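**Q** need a 3D model of the following:
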Amino acid sequence: MRQSALRANSDRLQQDHEFYPVHLIGLIQPHGLLLVTEGADWLVVWVSQNTDIYLHAAPQDLLGQSLSRFIAPSSMTQLQQRLAAGVDRPSYVPVTMGDRHFDGLVHQIGEQVILELEPVDAYPVVDLAFLQDEVQQAMARLRNEPDAIAFLQAAVQEIQALTGYDQVLAYQFDGNQAGSVVAEVKPAEAVSYLGLHYPATDIPELVRQLYQQGMVRFVPDLTAPHVELVTAEHVSSEDSVDLRHSLLRGVDPCCVEYHQNMEVTGLGVIALVKNHQLWGLISCHHPTAHYIPHAVRSACKILGQFIGAELTSKVNQQALNELNTLKAIQADFITSIANAADFKQALVHPEPRLLDVVRAQGAAVCLDGDITLIGNTPALEDVEPLIAWAMTDVDSDIFHTDCLSHEYPDALAFKAVASGVLMLKISQLRRYLILWFRPEVLQTVNWAGNPEASRHETEDGQVVLCPRNSFEMWQEMVEATALPWQPSEIANASALKNAIVGIVLNKADELAQINLDLERSNRELDSFAYAASHDLKEPLRGITNFSNLLMRRNAQALDEKGLKRLQTLVKLAHRMDDLIDALLRFSRLGQTALHLEPTDLNAVLERAIDVLKAGREEHKTLPQIQIPRPLPMVHGDSVLLTEVFSNLLSNALKYTDKAEPVIEVGHRMTDDLTPDLCVLYVKDNGIGIPTHHLQTIFRLFKRLHERDSYGGGTGAGLTITQKIIERHGGRIWAESTPGAGTTICFMLNFYKN
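**A** Residues are numbered from 1 along each chain as shown. Predicted structure coming up:
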């Protein structure tokens, strides 16, 4: 006969509390016995060493034998039925073995069937009808509690009344698996743990996983010596019994010492599971040994499941109420954005609405390079690198933290206004995002003893966990931390993104339709202008010809006044003809295709200068044309660009009052955001343009001076020039100082090989 291999390593439990597989402890509590069988013959392969106390048989008398030799046939039948139904968690079966009756729990893990037995005569007889009524009334009372905290306080009182424990606590886990006591019932003289916090290491991860499965734990006497499991000699020394679901499973020494330091001898723990996650525990303490009958334990388990479900309902209702409040704020906000002409202005004004959506104190709205700060925020020079970090290091569309400095150490510099941040990425491709900020909230956390007291470092540098000796209140000041973001606030931020994307898409569809309508209207207008101007030429020629004919044939019959009127008519006809030619030229620009090709602007400028020379009278000299450096190659229509330079040179020469006019033609680079574009300019030292007319000059047939002053003209040259540049995907504008000259600038795309 061989003892459990893990029992030989039990001393290690004291040092390796966080990582030791407690479900493989190989020990049980002494108030019951445990048998493990395998195979269809129910052969006993493991047994607790205390069988002689309860069965008057030594362990070696049971090992290797069929369980059916020791158990009453009716009990064996019930066990077989339970097993056939599938029992991976402990299921109750009354068991008779010899002359003793037991409360039995049976479950199966792999090939092993684990049977736990507790003698019925060890506990007072329980009136099951009375117990059932007590549980039902407790549930009815708990349903009437208005909120989660009041509900939990009532719950611990019901558990205490049902079990008789001296002190009962409700313990809630936070997002970091640390815990705090949120409800408590105790004797007046007992130490209070209400409001105290406990580090995550107090309840190891493996134990939390077992509790998450809905496990209950009852240890009647932490001081009672444990009982070892033994097996036959032929079983491998590496084998062990998986006791993860066993209620009799022994308690590791670290846990025993931990609770004894709290002056606890009798212990009960009920898991509170909310939405399939471990929300917290109900922990029951008693200063002396305290035995709970199986029926009462079963009632506690049922009540614990009810508390978990009802807690889910109450927490969800509170969250729903908060979410509805935030949704109402958000609906109003989204409506204003959808109806606004300016998306950015609707987003940031009036200021409080964007903050109210998630209950923040400040926000930063980033639309590419445009950053707008609202409320209490870090300085712009701090927000810009934070946004750069968010775009490169944060993968998700929604990111939130109540301690930004843990993720982004530079945030310590502005922790007073932005210890917490909730970030919403509207686009993964462009820098469209919103950051909400919450200020630092200095918190005094009351721990049940110094949480570091349970961590010790050995000489070789390893960290080991030991039970704490003190649970007196130990205060810690927590800095650089904001109030946590609630699930309803995070959900509201996510919904806001979807709404914004929908609004932008709707506006994009509307804009696309407007562009289609505008494009069709422009085509129709160009066609109309071309047809109308072409058809007007013929009657206009008739007016001119008949006027000239009248002046030649009837000059002697006309007096001087009549002759001048005919001459004025001819001049007006010529002017109208020029206007129609300009209109024809303008309408053709919208109908003819561009011939884009690599274009040397130096050659284009040279042709424009030749055109200017051809139009000058012989006795007039050309102005001085300066070219500081060679012009670049661009992607453009060389014929139309020649017309651009011709119009601009002609205007620069026309609108001057200088005896020696100077014209400069050059180019300069754009900013880093538009590296593919260059800015061309034609600068003169002429009469200049008043600031309020800098946009007017590009209107069709608009002249700023008398019709015949400064060489006359139709006022269509700059309009045609603007249309040519816009068809090339660029833009044109004027810079001027009255009396000092004008610079006409326009943008074109570089040609790249």
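**Q** please count neighbours and contacts with C-alpha atoms only from this point.
**A** Noted.
**Q** can you tell me the closest non-neighbouring residue to the residue nearest to the spatial centre of the chain?
**A** Residue closest to the mean C-alpha point of the chain, counted by Cα atoms, centre = their mean, is Ile398 at 0.5 Å. Distances taken as Cα to Cα, 6 or more residues apart in numbering put Leu424 closest to Ile398, at 4.9 Å, once the chain neighbours are dropped.
**Q** list the contacts of that neighbour.
**A** 397-399, 433-435, 493-494, 497 (Cα atoms under 8 Å, 6 or more residues apart in numbering).
**Q** again, 6 Å this time
**A** For Leu424, the contacting residues are 397-398, 433-434, by Cα atoms under 6 Å, 6 or more residues apart in numbering.
**Q** filter those residues down to just the ones in helices.
**A** Taking DSSP state H, every one of the contacts of Leu424 sits outside helices.
**Q** which of the residues you listed are buried?
**A** When the contacts of Leu424 are checked for burial by 16 or more other Cα atoms under 10 Å, the buried set is 398, 433-434.
**Q** could you dump those residues into TSV with pLDDT added?
**A** Listed next are the buried ones among the contacts of Leu424 as TSV, based on pLDDT from 0 to 100:
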residue	pLDDT
Ile398	89
Leu433	85
Ile434	86
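**Q** and which of those is nearest to Arg552?
**A** Leu433 (77.7 Å; Cα to Cα).
**Q** does the residue lying farthest from the centre of the chain count as helix, strand or coil?
**A** No residue in the chain has its C-alpha farther from the mean C-alpha position than Gln556, which lies at 92.3 Å (Cα atoms, centre = their mean). Classification of Gln556 using DSSP: H, G, I helix; E, B strand; the rest coil returns coil.
**Q** can you report phi and psi for it?
**A** phi -70, psi -30 (degrees, to the nearest 10).
**Q** wait, which of the buried ones among the contacts of Leu424 is closest to Gly729?
**A** Out of the buried ones among the contacts of Leu424, the member with the shortest distance to Gly729 (by Cα to Cα) is Leu433, at 28.7 Å.
**Q** for the closest one, which non-adjacent residue is spatially closest?
**A** Using Cα to Cα, 6+ apart, the closest residue to Leu433 is Lys425 (4.4 Å).
**Q** please apply the same query to Val611.
**A** Ser646 (7.0 Å).
**Q** quick check, pLDDT for the one you found.
**A** Here the pLDDT value assigned to Ser646 is 84.
**Q** could you measure from it over to Gly666?
**A** Distance, Ser646 to Gly666, using Cα to Cα, to the nearest Å: 15 Å.
**Q** Val383 too?
**A** Taken as Cα to Cα, the span from Val383 to Gly666 is 39 Å.
**Q** then Phe151?
**A** Distance from Phe151 to Gly666, by Cα to Cα: 80 Å.
**Q** out of those two, which sits in the busier spot?
**A** Between Phe151 and Gly666, counting by other Cα atoms under 10 Å, Phe151 is the more crowded of the two (20 against 17).
**Q** go through the helix or strand where the more buried one lies and flag the buried ones.
**A** Here Phe151 sits within helix 148-163, counting by DSSP states H and E. For helix 148-163, burial by neighbour count (16+ other Cα under 10 Å) applies to 148-149, 151-160, 162-163.
**Q** of these, which is the nearest to Arg69?
**A** Thr163 (36.8 Å).
**Q** would you mind measuring from that closest one to Leu67?
**A** Applying Cα to Cα to Thr163 and Leu67 gives a distance of 34 Å.
**Q** cool, and Pro628?
**A** For Pro628 relative to Leu67 (Cα to Cα), the value is 107 Å.
**Q** in terms of neighbours, single out the busier of those two.
**A** Legend: neighbour count by other Cα under 10 Å for Pro628 and Leu67, higher for Leu67 (20 against 10).
**Q** who are the neighbours in contact with that one?
**A** Taking Cα under 6 Å, 6+ apart as the test, what Leu67 contacts is Trp42.
**Q** what do you get for Leu34?
**A** Taking Cα under 6 Å, 6+ apart, one finds 47-48, 115-116 in contact with Leu34.
**Q** got those as JSON lines, with neighbour count and pLDDT columns?
**A** Listed next are the contacts of Leu34 as JSON lines, based on neighbours: other Cα atoms under 10 Å; pLDDT from 0 to 100:
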{"residue": "Val47", "neighbour count": "25", "pLDDT": "96"}
{"residue": "Ser48", "neighbour count": "25", "pLDDT": "95"}
{"residue": "Leu115", "neighbour count": "23", "pLDDT": "96"}
{"residue": "Glu116", "neighbour count": "25", "pLDDT": "96"}
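**Q** list the contacts of His728.
**A** With Cα under 6 Å, 6+ apart, His728 has no contacts at all.
**Q** which parts of stretch 134-149 are buried?
**A** Quick answer for stretch 134-149 (16+ other Cα under 10 Å): 134-135, 138-139, 142-143, 145, 148-149.
**Q** what do you get for stretch 92-100?
**A** So stretch 92-100, judged by 16+ other Cα under 10 Å, has buried residues 92-97.
**Q** of those, which is the nearest to Arg208?
**A** Nearest to Arg208 among the buried residues of stretch 92-100, with distances taken as Cα to Cα, is Tyr92, at 24.2 Å.
**Q** so the closest one touches Phe102, yeah?
**A** No. The pair Tyr92 and Phe102 does not pass the contact test of Cα atoms under 6 Å, sitting 10.4 Å apart.
**Q** tell me the domain boundaries of this structure?
**A** 2-122, 486-592, 593-749 (automatic domain parsing).
**Q** could you list the buried residues of the host helix or strand of Trp389?
**A** Assessed by DSSP H and E, Trp389 sits inside helix 380-393. Using 16+ other Cα under 10 Å as the test for burial, helix 380-393 gives 383-384, 386-387, 390-391.
**Q** go ahead and produce PDB holding the CA coordinates of that helix.
**A** Coordinates of each C-alpha in helix 380-393 appear next as PDB, following Å, rounded to 0.1, in the frame of the first residue of the first chain:
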ATOM      1  CA  LEU A 380      -1.600  70.800 -26.900                       C
ATOM      2  CA  GLU A 381       2.100  70.000 -26.800                       C
ATOM      3  CA  ASP A 382       1.200  67.000 -24.600                       C
ATOM      4  CA  VAL A 383      -1.800  65.900 -26.500                       C
ATOM      5  CA  GLU A 384       0.000  65.700 -29.900                       C
ATOM      6  CA  PRO A 385       2.500  63.000 -28.800                       C
ATOM      7  CA  LEU A 386      -0.300  61.100 -26.900                       C
ATOM      8  CA  ILE A 387      -2.300  60.900 -30.200                       C
ATOM      9  CA  ALA A 388       0.800  59.800 -32.000                       C
ATOM     10  CA  TRP A 389       1.300  57.000 -29.400                       C
ATOM     11  CA  ALA A 390      -2.400  56.000 -29.700                       C
ATOM     12  CA  MET A 391      -2.200  55.700 -33.500                       C
ATOM     13  CA  THR A 392       0.900  53.500 -33.400                       C
ATOM     14  CA  ASP A 393       0.700  51.500 -30.200                       C
END
